[in-house]
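Asks: Here is a sequence together with a model predicted from it:
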Amino acid sequence: MHNHNHHSNENRAQFAFENASITAGFYETLLMNANVWIAFLDPKGCVIVWNKAAEDISGYTESEVRGSREVWKKLYPDPPYREVVTQKIDDAIQNRQNLENFETVIHTKGGKQKEISWNTREILAEDGEITGYITIGRDITEVVSLGKKFRTLLMNANVWIAFLDAETRVEVWNSAAEEISGFTAEEVTGSNDIWKKLYPDPEYRKDVTTKIIDIISRTKDLENFESRIHTKDGHEKIISWNTRELDSDEGKTLGFILIGRDITKEKKLHAEIIEYIGESAMRLKNPVEVIKNNMDEIITRLENDECTTDDLILQIKIQTKNAEKIIENLYELNKAVSLAFEDMPPELKRYLSE
């Protein structure tokens, strides 16, 4: 009896498909030559139609799979994995739901692994009974591979990269974000509490937030915006942020991509260089003024014929000594600057030591 029903269902499915094809032979040609895997299955999962793309992607020809459901065991040779996949499909069937973008890994006849994104829909007869299922599979192996490579690059980039949803909840937090902030991805993902920890002072946090909202509402992105954060271990760091709002095609905000550069050392270096330059100016001001005053005095004496040649030579020698002291001061300063700033750009070091 069960067997009779099975054949009856298969025949009905066959008839349903063939009947549809007779009324639209053109569509059958399209279906068989489409560049996506298209299969028509009877209610038991036996293959009735298996198009050319199904053959190309899986490696199994239509004649090998038609009228049987054995191909699924071959595509999913690992029993536990096959069970997981089957359970997901069964749940969808039980709940009369279509499967959309359901991703699985198949084993082709040639032994390769491929990632397929499935969309499955039930086909109903006029009396509402299921006559079978239309299954469409897209080979996304290369897309997934590219996605994984991109994710690896993103997660290991040497700048802080985070992706936030529209409510500023963290969805992606790369390893540089972990290193700079001290907070792990596990601690921050799925929540937006991290901003209170990075900006513990309510006033400063409000100030930063207001500025960011104001800029993003006007320009959709933020460039080289600097803010001071508190790391997990209590250190203060200065971060230069670049932020871009991501919108859907309908203009709805999907979220924000955040790129942060730790510029704490640069800022410290910059401040120290300014301090050194200020200090050097003070140290040089005195001897330079002495030389200027002395030279003015010599000029006045020469104009009034109050200066002999011997006097002039002596005065110039004194000024030369003063000038040598200035050169010594500069040399010492250059040495100090070069030693103090190991991270200094080579061009600047070269300039200071010349």
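Replies: Perfect, thanks for sending it.

Asks: Contact partners for M295?
Replies: Taking Cβ atoms under 8 Å, 6 or more residues apart in numbering, we find M295 in contact with Q319. Just so you know, the C-beta spots here come from the backbone N, C-alpha and C atoms, and that holds for glycine as well.

Asks: Show me which positions of stretch 302-322 end up buried.
Replies: By 16 or more other Cβ atoms under 10 Å, the buried positions in stretch 302-322 come out as C307, Q315.

Asks: all numbers from here: first residue = 300
Replies: Understood, numbering begins at 300; the last thing we discussed is stretch 601-621.

Asks: Please save the CA atoms from it in CSV.
Replies: Only the C-alpha atoms of stretch 601-621 are listed here, as CSV (Å, rounded to 0.1, in the frame of the first residue of the first chain):
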residue,chain,number,x,y,z
LEU,A,601,84.4,101.7,14.4
GLU,A,602,82.1,104.5,13.2
ASN,A,603,83.6,106.9,15.8
ASP,A,604,87.1,105.8,15.2
GLU,A,605,87.4,104.5,18.7
CYS,A,606,88.7,101.1,17.7
THR,A,607,92.2,100.0,16.7
THR,A,608,92.8,97.0,14.5
ASP,A,609,94.1,94.9,17.5
ASP,A,610,91.0,95.8,19.4
LEU,A,611,88.8,94.7,16.5
ILE,A,612,90.6,91.4,16.1
LEU,A,613,90.3,90.7,19.8
GLN,A,614,86.5,91.6,19.8
ILE,A,615,85.9,89.4,16.7
LYS,A,616,87.8,86.5,18.4
ILE,A,617,85.5,86.8,21.5
GLN,A,618,82.4,86.7,19.2
THR,A,619,83.8,83.7,17.4
LYS,A,620,84.1,81.9,20.8
ASN,A,621,80.5,82.8,21.6
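
Asks: Quick check, pLDDT for S307.
Replies: Note on S307: pLDDT of 57.

Asks: Actually, A461.
Replies: A461 carries a pLDDT value of 89.

Asks: ok, then the element right after whichever strand or helix holds it?
Replies: Secondary-structure assignment from DSSP states H and E places A461 in strand 459-464. Next in sequence after strand 459-464, counting helices and strands by DSSP H and E, comes strand 469-472.

Asks: what does that next one contact?
Replies: Residues contacting strand 469-472 (Cβ under 8 Å, 6+ apart): 453, 460-464, 482-484, 487-491, 493, 554.

Asks: How about stretch 351-360?
Replies: 331-338, 349, 361, 370, 373-374, 405, 407-409, 413, 415, 436, 438.
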